[in-house]
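Undergrad: predicted model follows, preceded by the sequence.
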Amino acid sequence: MGIQHWKKIWVGSAGNMVEWFDWFVYASFATYFAGAFFPSGNPTAQLMNTAGIFAVGFFMRPVGGWLLGRVGDRRGRKAALTLTVTLMSASAVLIAVAPTYAVAGYGGALVLLVARLLQGLSVGGEYAASATYLTEATDPKRRGFASSFQYVSMTVGQIIGLGLQIVLQRTLSDSALHSYGWRIPFVVGALGAAVVFYLRRTMPESEVYDEDASAAEERGTLRALWRYRREAFLVIALTMGGTVAYYTYTTYLTKYLSNSAGLSKDTATLVSFTALIVFAGLQPLAGALSDRIGRRPLLITFAVGCTVLTVPIMTLLRHTGGYWPALGLSLLALVIVTGYTSINACVKAELFPTRVRSLGVALPYALANALFGGTAEYIALWFKKAGIESGFFWYVAGCAAVSLVVYVTMRETKDLDLTGTRGASGVGESSVTTAS
């Protein structure tokens, strides 16, 4: 793979790194800035208000998926990728400079809300824009390998955010973090987005997009997507199990180890930090494997493993006594999840023709993430509060089982020619048909 291909991979996936950095630092630094935007006196109410604004971002994802997916199909992948990173930078800047309640009353909270709306729009479009670009802009025989860097960059964003949190916690006092230190990661996020914006302005357009001869009025429309509604529902179904498992073993894992397994916050953070580094390294290996043996074997392996092993892994994690057992079980879970994360981007992109590929990935994926991924932590905490925490383990396993049915019955997409005018299943055919 030449330098130009590596550049396409880096530029195409770098936005995910910044996106997930911003997403992570908002959630993790909320305890420090919640009091800055709402009246003092009730820390729980402050956190709930901040969490409510955080949740708004998930509701905006489908809107961003539709809007930016349409831009990607009508104006080009480069235009969509540049727009998403512009929204990223704007949202980070707004949070970094938002006035406190003492200065502007609820005006600061309003700025925070606008920032989260922009961030939700950006996240809703970034995944599909980068997934489409990475899938189209690389050697057809290495699409799995190239698209795997989407989750590498997403995980690296979390790692950087986690690392910055550790550094700030050890270099600044608690009062300094509450006063001004919480703004630092958002400044870093804005600078990172500005760098990615500069890189994307000079990136080449996808050749597959340029070669598409579809009429302009058909590109990126809901009417065109409706012709591929079976593929769109397939994206929702195959995302369901994967996104629930991913959020469970990445963003929720640290809280689970701390609140349920009884590990110290420092130990739980270190477990997640180490596990995510290994997880990031696994993605290209699994992506390259899918280029040799196909996408379905990896997806099926993930779904079987998650369906059968989620309950035992989560149960054992709850009774783990230290760093090494927790790390071993966490790595086992993430190895299983890799069967989904490493290739899900290219699988979804391979389902649709060029004229509706970006929207076809963006909108159903954003809906699935809002319904299943974004609610995973809340459902986990609901089961815990109800005194039946193990119910969440069965919920994760059940979502994986639903996706397993889809993986078993869907067609292989590895060898699809993306320059053609049909999706993986062809016009008028169902994607959910037994593989030949």
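TA: Alright, I've got the coordinates.
Undergrad: tell me the spacing between Tyr32 and Asp22.
TA: For Tyr32, the distance to Asp22 equals 16 Å [CB to CB, to the nearest Å]. The way it works is simple: take the backbone N, C-alpha and C, and place the C-beta from them, glycine included.
Undergrad: next: Glu136.
TA: Distance of Glu136 to Asp22, computed by CB to CB: 26 Å.
Undergrad: in stretch 307-318, what's buried?
TA: 307, 309-310, 313-314, 316-317 (16 or more other CB atoms under 10 Å).
Undergrad: counting by contacts, list what the longest helix belonging to the chain packs against.
TA: The longest helix of the chain (DSSP state H) is helix 43-74. Packing partners of helix 43-74 (3 or more CB pairs under 8 Å, 6 or more residues apart in numbering; DSSP states H and E): helix 3-28, helix 30-37, helix 77-97, helix 107-136, helix 357-368.
Undergrad: and if we set it to 6 Å?
TA: Helix 43-74 is packed against helix 30-37, helix 77-97, helix 107-136, helix 357-368, with contacts defined by 3 or more CB pairs under 6 Å, 6 or more residues apart in numbering; DSSP states H and E.
Undergrad: returning to what we had before: look at Tyr32 and Asp22 and report which has more neighbours.
TA: Between Tyr32 and Asp22, counting by other CB atoms under 10 Å, Asp22 is the more crowded of the two (29 against 21).
Undergrad: how about the more buried one: what's its closest non-neighbour residue?
TA: For Asp22, ignoring the flanking residues on the chain, the nearest one in space by CB to CB, 6 or more residues apart in numbering is Gly189 at 4.5 Å.
Undergrad: any stretches of the stretch 101-250 of the chain with poor pLDDT?
TA: Applying pLDDT under 70 to the stretch 101-250 of the chain picks out residues 213-216.
Undergrad: correct me if wrong: Gly72 contacts Val356.
TA: No: with contacts counted by CB atoms under 6 Å, Gly72 stays clear of Val356, the gap being 10.0 Å.
Undergrad: which one's more surrounded, the two?
TA: Neighbour count, other CB under 10 Å: between Gly72 and Val356, Gly72 has more, with 32 against 28.
Undergrad: how about Ser122, nearest residue that isn't a chain neighbour?
TA: Nearest to Ser122 is Leu87, by CB to CB, 6+ apart, at 3.8 Å.
Undergrad: what's the answer for Ala36, then?
TA: Here the nearest residue to Ala36 in space, its sequence neighbours aside, is Thr100; by CB to CB, 6+ apart that works out to 4.4 Å.
Undergrad: look up how far Ala109 lies from the one you found.
TA: From Thr100 across to Ala109, the span is 10 Å (CB to CB).
Undergrad: looking at these two, which is more packed in?
TA: Using other CB under 10 Å as the criterion, Thr100 and Ala109 rank with Ala109 on top: 20 against 16.
Undergrad: look up how far Tyr101 lies from that one.
TA: Distance of Ala109 to Tyr101, given as CB to CB: 7 Å.
Undergrad: overlap in contacts, these two.
TA: Residues touching both Ala109 and Tyr101 by CB atoms under 6 Å, 6 or more residues apart in numbering: Phe37.
Undergrad: what's near enough to touch the residue nearest to Asp22?
TA: Applying CB under 6 Å, 6+ apart to Gly189 gives the contacts 21-22, 92.
Undergrad: out of those, which one has the weakest pLDDT?
TA: Among the contacts of Gly189, Asp22 has the lowest pLDDT, at 88.
Undergrad: and the gap between it and Thr274?
TA: From Asp22 across to Thr274, the span is 23 Å (CB to CB).
Undergrad: buried stuff in stretch 130-146?
TA: Neighbour-count burial for stretch 130-146, with 16+ other CB under 10 Å as criterion, is recorded at 130-138, 142-146.
Undergrad: residue boundaries of the helices in the stretch 101-250 of the chain?
TA: In the stretch 101-250 of the chain, the helices defined using DSSP state H, counting those that start in this stretch lie at 101-104, 107-136, 143-147, 149-171, 174-179, 184-201, 207-211, 222-226, 229-249.
Undergrad: hey, which of those is tucked in deepest?
TA: A comparison of these by mean neighbour count, using mean count of other CB atoms under 10 Å, puts helix 143-147 on top with a mean of 29.
Undergrad: what's in contact with it?
TA: For helix 143-147, the external contacting residues (CB under 6 Å, 6+ apart) are 9, 134-135, 138, 284, 287-288, 290-291, 343, 345-346.
Undergrad: chain center to that helix, what's the gap?
TA: Relative to its chain's centre, helix 143-147 lies at 17 Å (CA atoms, centre = their mean, to the nearest Å).
Undergrad: do the same with stretch 138-154
TA: In terms of CA atoms, centre = their mean, the centre of stretch 138-154 is found 15 Å from the chain centre.
Undergrad: what is the end-to-end distance of it?
TA: Chord length of stretch 138-154, first to last residue, is 19 Å (CA to CA, to the nearest Å).
Undergrad: what of stretch 90-107?
TA: Distance between the two ends of stretch 90-107: 17 Å, counting by CA to CA.
Undergrad: quick one: contacts of it?
TA: Stretch 90-107 is contacted from outside by 22, 36-38, 108, 111-112, 115, 118-119, 183, 186-187, 189-190, using CB under 6 Å, 6+ apart.
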